[in-house]
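In: Got a sequence here, can you build the structure:
(chains A and B)
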Amino acid sequence: MCRFVCGNDGSINVRPPAVCPTIVMGQGRNPGLCHTPFVAQHELRINCRLHEIGTGDLAGAAETHGTCGALAQVELKQISKSFGATDVLHEISLSVPDREFTVLVGPSGCGKSTLLRIVAGLESASAGEILFDGRAVNELSPGQRNVAMVFQNYALYPHLSVASNIGFGLRRSKLSRTQKRAAILDVARLLEIEPLLSRRPSALSGGQRQRVAMGRAIIRDPDVFLFDEPLSNLDARLRMQMRAEIRALHRKLPTTTLYVTHDQIEAMTMADRVVVMNAGRIEQIGTPSEIYNSPRTKFVAGFIGMPSMNMIDARLEDGALAVGASRLALSSNWHAALAGHKDRNLVLGLRPEHLRLRTDSTGLPAVVDLVEPTGSETLIYLHHDALHLCARAAPETDLRTGAQVYLDLHLDRAVLFDAQSGLALPRPEPTFATSGELA
Amino acid sequence: MTRPARRARPATRLTSGALPWLLPALLMLGMFYLYPIAEALRLAFTDARLFDQSTSFSLASIAGVAGSATLGTILRNTLVYTVASVLGQLALGLFIALLVVRAERARLRGTLVLRTIVLAAWVIPAIANGIIWQLLLSEAPFGAINSALRLIGVSPVAWLSDPANAMTSAVIATIWQGTAYSMILLYAALKSIDPVLYEAAAIDDATAMERFWFITLPHMRPALLVNAILIKIMTLNMFDTILSLTGGGPGRATEVLSLFAYNTVFQSFELGRGAALAMLLLLISLLLTAALILLLPRGRR
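Out: Next comes the predicted model:
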């Protein structure tokens, strides 16, 4: 239990200082860092702009986080951007709730980095509004927006030591020299780069530079964290490790985060919410599982998932799907959902894991083209007439190129797209228990 | 089977040693650089006169130079002229380079024209540069700068005839011409700074001064030092601008070491003394260069 005492200047004092080791403090309104070293010596002051809270007891640090300050919510309203005659962003609207980890993902050139730079203030929007907590920040310089950004090549100041790099954001703060040093040490400890503090960035490995770049961002206790493809310069193993670390960091210091990547694995593993972008437009916003299981467009379905979703041209005829010369029966719960789409050209989207190989001769016949064992699973590429498919199979699957197999399509898990618009058709309520196999 | 035969070909054998590849350069450098220096060194130890064939080895020339009463004045002039010119060229060159880079970043038009105009000064021969500035600074009624001053009600300045102003005039003329070189060098160094660093600084709310201090200047240090070394050498060797601007006068007010050596040889015909002065100039130049190189960051030396 700690006590907050409001200062006249909008700052907050916490009493008694020693009992709140996890209370976070910093210059911004967000929970920043727990500066435990000087909790014992100094009275904690949190410049939280907590005017609305007043004096009172706070039950535990978690609640403190929850109530400390107003929301740092980012809202984009119809942001457009053009470079000369080229339109890069088309009326993007997006709301990032407080403390949420949102990942912008899309192929290169889709405008995701530009969008991030517009939020940072490094680029100005041609039209539209950027709101932080409902306050338009379009006219504010990047420094005034109180955002922190981690760049793809880290952009560490090459002539400053690691400590000075991390402490750069504190150079104008009113903290004493010892307090600054303690703050830098705290951040270094958090990121486990304490032994590197006196080094120059050029003497660091990629992963270490990455941490320093994050330290420089963290220490400023920003309202919004921006990451611009921060892991793309790391090797695969390190990337996997840093993925988990950035997530863990976000759990420790929950700050509104916008993270740009072209790597769908990063998007799927790190995001609270994923924003899939393509050609300057948002294709879909949703949790990773929504994006994966219920893609809203053909683009999202094809972009997310490795290997890609199988896309099969089909037509709806008499309650069945005509695929080439074959007809696939749809279970009855699809019928109602597809009532308005008779005789339309459709695309049947099926994830590789929803194709099952059978050796008895029922189902769609296909010929194996290529077998790719990856260790944990085996990918099987096959074709049925001119139709090329990929199926995920158990690792011990023993098949040769040219083998004749039969495919069981889990149509209940399929997504149907309108061939023209590329939009997904409404799906029936999931009824996994009544798959064709069991019936 | 073809391999041994191929190895015997002379073209392949050449790669075995470094000497054949170094030979052309060694010959050129030896003939056109090392030999003249050795010859000048030899002359310094003679009493040679320009139009006198009979010379004998002696220390008279060196002793004459060392004991000369004017040498102190000359060295002081050289110091003032070189330091002021080098600093002026570095500062002005950096300023214009920053201006050009800034203008390019803002996508302003005319940066190429600006760069070309600045460079135009550099392609003018130093003699011509001296004459141009003599016309500009002339105290006669047609003197451009004094005429301009008169228009705004300032009384004319004795740019070239007043010993107190003559050195300033010589430095201005030198800076004006040399700035282009310094600008191009520094411009290239500025362009090599990762622009993302400035973005990171913008996010860190750094002021223009902080960006310059923490990013631009440290990055420019090697370029500035190398630039300083090169400009220093060129300035120490510069005598033609001063020759045509003031001729070293009034009195000896603008007579620098290189001009003094020139005058000793071509006015007083004392070839031995001139060679001794040239050796002194070489020595000063080498020592200054060594001192500046020590300031370069490790690994760039």
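
In: near chain B, which residues of chain A show up?
Out: A:120-122, A:141-144, A:147-149, A:151, A:153, A:155-160, A:168-169, A:171-172, A:216, A:220 (C-beta under 8 Å from any C-beta of the partner chain). Glycine gets a C-beta too; all of them are placed from N, C-alpha and C.

In: Of these, keep whichever come out buried.
Out: Neighbour-count burial (16 or more other C-beta atoms under 10 Å in any protein chain shown) applied to these gives A:120-122, A:142-143, A:147-149, A:151, A:153, A:155-157, A:159-160, A:168-169, A:216, A:220.

In: Among those, name the ones in helices.
Out: A:120, A:216 (DSSP state H).

In: At the contact with chain A, which residues of the stretch 151-300 of chain B appear?
Out: Within the stretch 151-300 of chain B, the residues that sit near chain A (C-beta under 8 Å from any C-beta) are B:194, B:196-197, B:199-206, B:210, B:214-215, B:218-219.

In: any low-confidence regions in chain B?
Out: Where chain B drops to pLDDT under 70, the residues are B:1-16, B:53, B:298-301.

In: Point to the residue nearest the middle of it.
Out: B:Met234 (2.1 Å; C-alpha atoms, centre = their mean).

In: name the element it belongs to?
Out: helix B:217-237 (DSSP states H and E).

In: and whichever helix or strand comes after that helix, what does it pack onto?
Out: Next helix or strand after helix B:217-237 toward the C-terminus (DSSP H and E): helix B:240-245. Applying 3 or more C-beta pairs under 8 Å, 6 or more residues apart in numbering or on different chains; DSSP states H and E, one finds that helix B:240-245 contacts helix B:126-137, helix B:163-191, helix B:257-266.

In: buried ones in the helix holding B:Met234?
Out: Buried residues in helix B:217-237 (16+ other C-beta under 10 Å): B:219-220, B:222-236.

In: One more: stretch A:398-416?
Out: By neighbour count on 16+ other C-beta under 10 Å, the buried set for stretch A:398-416 is A:399, A:403, A:405-416.

In: Cross those residues against helices and list the overlap.
Out: Using DSSP H, none of the buried residues of stretch A:398-416 sit in helices.

In: quick one: which of the residues you listed is nearest to chain B?
Out: A:Val415 (39.9 Å; C-beta to the nearest C-beta).

In: On the three-state scheme, the residue of the stretch 201-301 of chain B found nearest chain A is what?
Out: Nearest residue of the stretch 201-301 of chain B to chain A: B:Asp205, at 2.5 Å (C-beta to the nearest C-beta). Of the three states, B:Asp205 takes coil according to DSSP: H, G, I helix; E, B strand; the rest coil.

In: What of A:Pro365?
Out: strand.

In: residues near it, how many?
Out: Here the number of neighbours of A:Pro365 (other C-beta atoms under 10 Å in any protein chain shown) works out to 14.

In: Leaving out chain neighbours, which residue sits closest to it?
Out: Closest residue in space to A:Pro365, ignoring its immediate chain neighbours: A:Tyr406 at 5.7 Å, by C-beta to C-beta, 6 or more residues apart in numbering or on different chains.

In: before we move on, what about A:Leu191?
Out: A:Arg211 (4.4 Å).

In: Can you say which helix or strand has that neighbour in it?
Out: Counting by DSSP H and E, A:Arg211 is found in helix A:206-218.

In: Quick one: distance of that helix to the chain centre.
Out: Its chain's C-alpha centre and that of helix A:206-218 lie 19 Å apart, by C-alpha atoms, centre = their mean, to the nearest Å.

In: by how many degrees do the top helix by length along chain B and helix B:217-237 diverge?
Out: Counting residues, the longest helix in chain B under DSSP H turns out to be helix B:71-105. Relative orientation of helix B:71-105 and helix B:217-237, computed by axes from the mean of the first three to the mean of the last three C-alpha atoms, to 10 degrees: 140 degrees.

In: Helix B:71-105 and chain A, are they touching?
Out: No - Helix B:71-105 lies out of reach of chain A by C-beta under 8 Å from any C-beta, never closer than 12.5 Å.

In: tell me which residues of that helix are tucked away?
Out: Within helix B:71-105, the residues that count as buried by 16+ other C-beta under 10 Å are B:71, B:74, B:77-78, B:80-82, B:84-86, B:88-90, B:92-94, B:96-98, B:100-101.

In: now for that helix, which elements pack on it?
Out: helix B:111-123, helix B:163-191, helix B:217-237, helix B:257-266.

In: A:Ala248 is nearest to which of these?
Out: In terms of C-beta to C-beta, the element of those nearest to A:Ala248 is helix B:217-237, at 34.3 Å.

In: Give the other helices and strands that that closest one contacts.
Out: For helix B:217-237, the packing partners by 3+ C-beta pairs under 8 Å, 6+ apart come out as helix B:71-105, helix B:163-191, helix B:257-266, helix B:271-295.

In: so how far is that helix off the chain centroid?
Out: Relative to the centre of its chain, helix B:217-237 is centred 9 Å away, using C-alpha atoms, centre = their mean.

In: Just the CA atoms of stretch A:203-217, as CSV, please.
Out: Taking C-alpha atoms only, stretch A:203-217 is exported to CSV below (Å, rounded to 0.1, in the frame of the first residue of the first chain):
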residue,chain,number,x,y,z
ALA,A,203,32.1,-2.4,-30.3
LEU,A,204,28.7,-4.1,-29.8
SER,A,205,27.0,-7.0,-31.6
GLY,A,206,23.7,-6.5,-33.4
GLY,A,207,21.7,-7.9,-30.5
GLN,A,208,23.5,-5.7,-28.0
ARG,A,209,22.9,-2.6,-30.2
GLN,A,210,19.3,-3.6,-30.4
ARG,A,211,19.1,-3.5,-26.6
VAL,A,212,20.8,-0.2,-26.3
ALA,A,213,18.4,1.2,-28.8
MET,A,214,15.5,0.0,-26.6
GLY,A,215,17.2,1.3,-23.5
ARG,A,216,17.4,4.7,-25.1
ALA,A,217,13.7,4.5,-25.8
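
In: And it, what's buried?
Out: So stretch A:203-217, judged by 16+ other C-beta under 10 Å, has buried residues A:204, A:207-217.

In: just checking, next helix/strand downstream of the longest helix seen in chain A?
Out: Longest among the helix segments of chain A by residue count, using DSSP H, is helix A:236-252. Using DSSP H and E, the helix or strand that follows helix A:236-252 towards the C-terminus is strand A:256-261.

In: So for whichever helix or strand comes after that next one, what gets flagged as buried?
Out: Sequence order places helix A:264-270 as the next helix or strand after strand A:256-261, per DSSP H and E. Buried residues in helix A:264-270, counted by 16+ other C-beta under 10 Å: A:264, A:266-268, A:270.

In: related to what we said a few turns ago, show me the contact partners of the helix holding B:Met234.
Out: A:158-159, B:78, B:81-82, B:85-86, B:89-90, B:93-94, B:174, B:178, B:181-182, B:185-186, B:188-190, B:192-193, B:256-258, B:281, B:284-285, B:288-289, B:292-293, B:295-297, B:300 (C-beta atoms under 8 Å, 6 or more residues apart in numbering or on different chains).

In: I'd like the C-alpha coordinates of that helix written as CSV, please.
Out: C-alpha atoms of helix B:217-237 as CSV (Å, rounded to 0.1, in the frame of the first residue of the first chain):
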residue,chain,number,x,y,z
LEU,B,217,30.7,17.5,-35.3
PRO,B,218,32.0,14.2,-34.0
HIS,B,219,31.3,12.6,-37.3
MET,B,220,33.1,15.4,-39.1
ARG,B,221,36.2,15.2,-37.0
PRO,B,222,38.4,13.1,-39.3
ALA,B,223,37.2,15.0,-42.3
LEU,B,224,37.9,18.4,-40.6
LEU,B,225,41.4,17.2,-39.6
VAL,B,226,42.3,15.8,-43.0
ASN,B,227,40.9,19.0,-44.5
ALA,B,228,43.0,21.1,-42.1
ILE,B,229,46.1,19.2,-43.1
LEU,B,230,45.5,19.7,-46.8
ILE,B,231,44.5,23.3,-46.5
LYS,B,232,47.5,24.0,-44.3
ILE,B,233,49.9,22.6,-46.9
MET,B,234,48.3,24.6,-49.6
THR,B,235,48.3,27.7,-47.6
LEU,B,236,51.9,27.4,-46.5
ASN,B,237,52.9,26.9,-50.1
